[in-house]
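[1] Just need the structure, nothing else, for what follows:
(one chain, ligands or ions: 1)
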Amino acid sequence: MKFRTRAIHVGNERDPLTGAVVRPIHLATTYVQPGAGEWGEFDYSRSGNPTRKALETTLASLESGCGALAYASGMAAIHGVTMLLSAGDHVLAGTDVYGGTYRLLHKVVNRAGIDVSLAPATDLDAFEAAIRPETRLVWIESPGNPLLSITDIAACAEIAHRHGALLGVDNTFATPVLTRPLELGADIVMHSATKYLGGHSDVLGGALVVRDKELYDRLYFLQNATGAVLAPLESFLCSRGIKTLELRVREQCRTAQRLAEWLDGDDRIARVLYPGLPDHPGHAIAARQMDGAFGAMLSFEVAGDFAAAKRVAESTKLFQLAVSLGAVESLIEQPASMSHASYDRDARLAHGIRDGLIRLSVGLEDFEDLQGDLDQALAWISQAGGRHLA
Ligand SMILES: *Cc1c(COP(=O)(O)O)cnc(C)c1O
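    Numbers count the residues shown, from 1 in each chain. As a prediction, the model looks like this:
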């Protein structure tokens, strides 16, 4: 079966008891056992739940994995991976990992005697040079946030494996519609299901999908031992969102591509960062690694300063001023004052996140309505202050 068919049917087999075409939500926390010391498929909801299992079955199929685990949030899923590590181990992560990942690695994981360092995953030589004998986990994201940098996943898998480390890929931005990291050699794929998988800004969740049964068993043990499982209602909402995942992502990508091309030709814009534009530094890799589209996240810099970008971000009406991404509603944010405000300014600038940067999560609204909305928000930036003077 093709991707879109599996998204609807795998894990969603009709309810054998009633014939209902939508599986019931199993709220029960405990399950009657066949006998003392005898176990059925389910016994206690932290260890396993039919509604969560249905979601995990769908996810394993869509990401080409042997098994999946659904967590209470994306951060809980990443934390689950880091629990594979022990004191003395080292984690290497790409420089533009999600801010929450940066915080988890540098303020929580490091306290367990695990060393953490960052290197640019877009520069493979520099990235490999940052690997140490005790590196056990390499962690990357593509496209990266908020500059939409593209990392070569297959090349990073080779590097990690050459040094005896696991490769984990945060696939939240690309979704399995566009990129399936396990097929490219990664060991673990992670999602913030809060974003595209759920897709409607109404469920917080996370997931891991793995290639190998032994690794699945270790992660399952850790999840059951520590408890950050996804609840039944959230599991159901996520499964429901996934049924339209491909349709939503492809249409949102189409709109993002058109907006990127329009912004790229506009004098009020200093630069557009979108992997679907031929002059984006990661375009060639993206064309190979992303299936037919370049994602629905795009960033651009307005000519002018912090105040100019702030004013644009505050002036849209359809693009709502909010963090998060991936849902049917379009969102706008200014990384310098919102998603990346906790970085100190010099570090942020060194990282390429300038004050004039604006990030869009392109939703499912009509292209012309979104274009008109951005156009009116940009209207007050004088033509003279545009690209030529920037
Ligand atoms: C949102 C996000 C996370 C964290 O997920 P939560 O569900 O918010 O815990 C991790 N990685 C990326 C790329 C994200 O966008």
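[2] Leaving out sequence neighbours, find the closest residue to the residue most central in space within the chain.
    With distances taken as C-alpha atoms, centre = their mean, the residue of the chain nearest its centroid is T172 (1.5 Å). Excluding the flanking residues, the one nearest T172 by C-beta to C-beta, 6 or more residues apart in numbering is S192, at 4.6 Å. Glycine gets a C-beta too; all of them are placed from N, C-alpha and C.
[3] In this structure the one you found contacts N171, no?
    No. At 9.6 Å, S192 and N171 do not qualify as touching, with contact defined as C-beta atoms under 8 Å.
[4] Quick check: pLDDT value at the residue nearest to T172.
    Each residue has a pLDDT score; the one for S192 is 98.
[5] and it, how far is that from D366?
    27 Å (C-beta to C-beta, to the nearest Å).
[6] which of these two has more neighbours?
    S192 (27 against 10; other C-beta atoms under 10 Å).
[7] show me where the stretch 51-200 of the chain has strands.
    Taking DSSP state E, counting those that start in this stretch as the test, the strands found in the stretch 51-200 of the chain are 67-71, 90-94, 115-119, 135-141, 166-170, 188-192.
[8] Please report the distance of the residue in the chain that the ligand sits nearest to from Y196.
    Nearest to the ligand, among the residues of the chain, is G74, at 2.2 Å (C-beta to the nearest ligand atom). Look at G74 and Y196: by C-beta to C-beta, they are 11 Å apart.
[9] List the residues that are in contact with both of the two.
    Residues touching both G74 and Y196 (C-beta atoms under 8 Å, 6 or more residues apart in numbering): T172.
[10] between those two, which one's more packed in?
    Neighbour count, other C-beta under 10 Å: between G74 and Y196, Y196 has more, with 29 against 25.
[11] What pLDDT does the model give the closest residue to the more buried one other than its chain neighbours?
    Nearest residue to Y196, sequence neighbours excluded (C-beta to C-beta, 6+ apart): G326, at 3.9 Å. Listed pLDDT for G326 reads 98.
[12] Wait, G326 touches H191, no?
    No. The pair G326 / H191 is not scored as a contact, 9.9 Å apart, by C-beta under 8 Å.
[13] Pull up the overlap in contacts between those two.
    Shared contacts of G326 and H191, defined by C-beta under 8 Å, 6+ apart, comprise 172, 197.
[14] Quick check: phi and psi at E368.
    phi -70, psi -30 (degrees, to the nearest 10).
[15] Quick check: P146 vs D366, distance?
    Distance from P146 to D366, by C-beta to C-beta: 25 Å.
[16] ditto for Y196
    Y196 is 19 Å from D366, by C-beta to C-beta.
[17] ditto for A286
    In terms of C-beta to C-beta, A286 sits 26 Å off from D366.
[18] again with A157
    39 Å.
[19] now swap in V32 and tell me
    From V32 to D366 the distance is 52 Å (C-beta to C-beta).
[20] cool, and T57?
    Counting by C-beta to C-beta - T57 and D366 are separated by 35 Å.
[21] Tell me the residues of the stretch 201-350 of the chain that contact the ligand?
    Proximity of the stretch 201-350 of the chain to the ligand is confined to 204, 206 under the rule C-beta under 6 Å from any ligand atom.
[22] Going along the chain, name the strands of the stretch 201-350 of the chain.
    According to DSSP E, counting those that start in this stretch, the strands that the stretch 201-350 of the chain contains are 206-210, 269-273, 297-302, 320-321, 331-333.
[23] Please spell out which residues along the lengthiest helix in the chain are buried.
    Criterion DSSP state H: the longest helix present in the chain is helix 245-264. Buried residues in helix 245-264, counted by 16 or more other C-beta atoms under 10 Å: 245-246, 248-253, 255-260, 262-264.
[24] What is the neighbour count of K317?
    Neighbour tally, K317, other C-beta under 10 Å: 10.
[25] now swap in A7 and tell me
    Using other C-beta under 10 Å, A7 has 25 other residues around it.
[26] who's in contact with it?
    If you count contacts by C-beta under 8 Å, 6+ apart, then A7 has 58, 62, 242-246 around it.
[27] can you map out the helices along the stretch 1-150 of the chain?
    3-9, 50-62, 74-82, 99-107, 124-129 (DSSP state H, counting those that start in this stretch).
[28] CA atoms only: put the longest one into CSV for me.
    I take that to be helix 50-62. C-alpha atoms of helix 50-62 as CSV (Å, rounded to 0.1, in the frame of the first residue of the first chain):
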residue,chain,number,x,y,z
PRO,A,50,-4.7,-0.3,22.5
THR,A,51,-5.3,3.3,21.4
ARG,A,52,-1.6,4.2,21.8
LYS,A,53,-0.7,1.0,20.1
ALA,A,54,-2.8,1.8,17.1
LEU,A,55,-1.0,5.1,16.7
GLU,A,56,2.4,3.4,17.1
THR,A,57,1.6,0.8,14.5
THR,A,58,0.7,3.6,12.0
LEU,A,59,3.9,5.6,12.7
ALA,A,60,6.1,2.5,12.4
SER,A,61,4.6,1.9,9.0
LEU,A,62,4.9,5.5,7.8
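[29] Contacts for it next, please.
    Under C-beta under 8 Å, 6+ apart, the answer for helix 50-62 is 3, 6-7, 10-12, 23-26, 42, 65-70, 176, 180, 191, 197, 207, 209, 229-230, 232, 235-236, 238-239, 242, 245.
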